[in-house]
Every structure is written in structure tokens, then in C-alpha cells.
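Colleague: no sequence on this one, just coordinates:
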């Protein structure tokens, strides 16, 4: 899984002054220390800021809530995984032996986290403008292709349409647990997509919110399967 670092930097469109930052961004915790977990935390915030600005400039007709939902769809694990795949990021990850054997270099969560870590590493190496330029370039195809009307559908509706388009049965939602007093309850709901043997859990302050979160998890799993 170790192709020359320059190849990935060329695809990113950014050349690191401090190569150790780049290597850290590519290092999963299973490989050792220093790993990319702290960088991932920083990169997530940088990505959210850049995508928020891009959507604000492009879609003056959308409300705050609509912009937030569009941003969430772009910075989700699904969106990050797509960009990471296009970069061939999995080929450069530094993984422990167990993760290598289990195919961790293909796992959406690992690829998404590493890409966020790379954005943070670019920020630390070259400043915010460099990180923004990289994100703008990598996300340009997704930003151009996004259809606000489709993207703004709630997860339950989107999941239902995903399954109906494939002539598959609709999902079931099962309340797993309700915690807390009546005025401050926390719901845990499972979305079951039996055709795929898929079960995802969502949590929220209402049953509907928990259902939406579980549907979102199911959608992301099905789209990256």
C-alpha cells in the first residue's frame, strides 16, 4: 500500500514543505504514534468552514437550514469517501497489520478520516488559503453536480426512494430504547433493510429524529457498499 508520496501530492495539487505532517495524516492509529486522529479533528472543522463558504456563495436562494443540510451531505462520510477514492488515498495509508488484512484501506470511515487529516496537515503546513484551495479543487465536481432539490430530501424519503428505484421492500423502523424523563427523552431507533441484512441505529430527542438518523446511516452504508 505504499506508492510514492509524490503521486498523491500531485493529485492533491499540494506539495508539503514538512513531509512528516503528510505522513502523520496518512497514519491510522493501528499503525502507531503519531497518528492522524488529532489532525482529523482539526480537518473536520476546516472542511466544514470551506464547504459552508462555497455553498453560501453559490446558493443565495437557500435558507440557513437548507444550506446546513446541503453542507452535511457534502462533508458526510459518503462524500469524503468518494473524494478519497478518486484520489487513490487507500494506496498510501499506513495501517497496522490487522487493518491491512481486513481491507482497512478500502473502509469508508478510515478513508474519510484520513482525508480530513490531510486537510488539517495542509493547513498546518501552508496555511488556511492552501487548505481552502485544495478543498475547493477536490470538491468542485461534487459542488457542480449537486442538485439542491434532491439533496434536501430528508433521509427517510431518500432511503425510501433508493429502495423503490430498485424495486425492493421498504425499511422497517424499530424503537430499541427510550431513556430519560418525559420532558427530556432520548430515543434509539433501528432502521432495518432486510434485503441487505442491514441494521443501523439512530438516536435523537424524538422518535422522528432518531428514525432520520438511522435512515441516514443506512443510506450511507448502501451507497458505499
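Modeller: That came through, no problem. On a predicted model such as this, the values are computed, not experimentally measured, just so you know.
Colleague: make it CA atoms for all contacts and neighbour counts henceforth
Modeller: Will do.
Colleague: Name the surrounding residues that touch the top helix by length along the chain.
Modeller: For the chain, the helix with the greatest residue count under DSSP state H is helix 37-58. By CA atoms under 8 Å, 6 or more residues apart in numbering, the surrounding residues in contact with helix 37-58 are 25, 28-29, 67-68, 70-71, 74-75, 113-121, 131-132, 135-136.
Colleague: so residue 28 makes contact with residue 95?
Modeller: Yes - assessed by CA atoms under 8 Å, residue 28 is found in contact with residue 95 at 5.5 Å.
Colleague: Could you tell me the model confidence score at the residue nearest to the spatial centre of the chain?
Modeller: Of all residues in the chain, the one closest to the mean position by CA atoms, centre = their mean is residue 77, 1.7 Å from it. Looking at residue 77, its pLDDT stands at 82.
Colleague: what residues are up against the spatially closest residue to it that is not a sequence neighbour?
Modeller: Leaving aside its sequence neighbours, residue 77 sits nearest to residue 112 (CA to CA, 6 or more residues apart in numbering; 5.7 Å). Shown in contact with residue 112 (CA under 8 Å, 6+ apart): 77, 78, 80, 81, 84.
Colleague: who touches the first one in this structure?
Modeller: What it means is residue 77. Residue 77 makes contact with 108, 109, 112, 220, according to CA under 8 Å, 6+ apart.
Colleague: Just read off the phi/psi values of it.
Modeller: Per-residue torsions, residue 77: phi -60, psi -40 (degrees, to the nearest 10).
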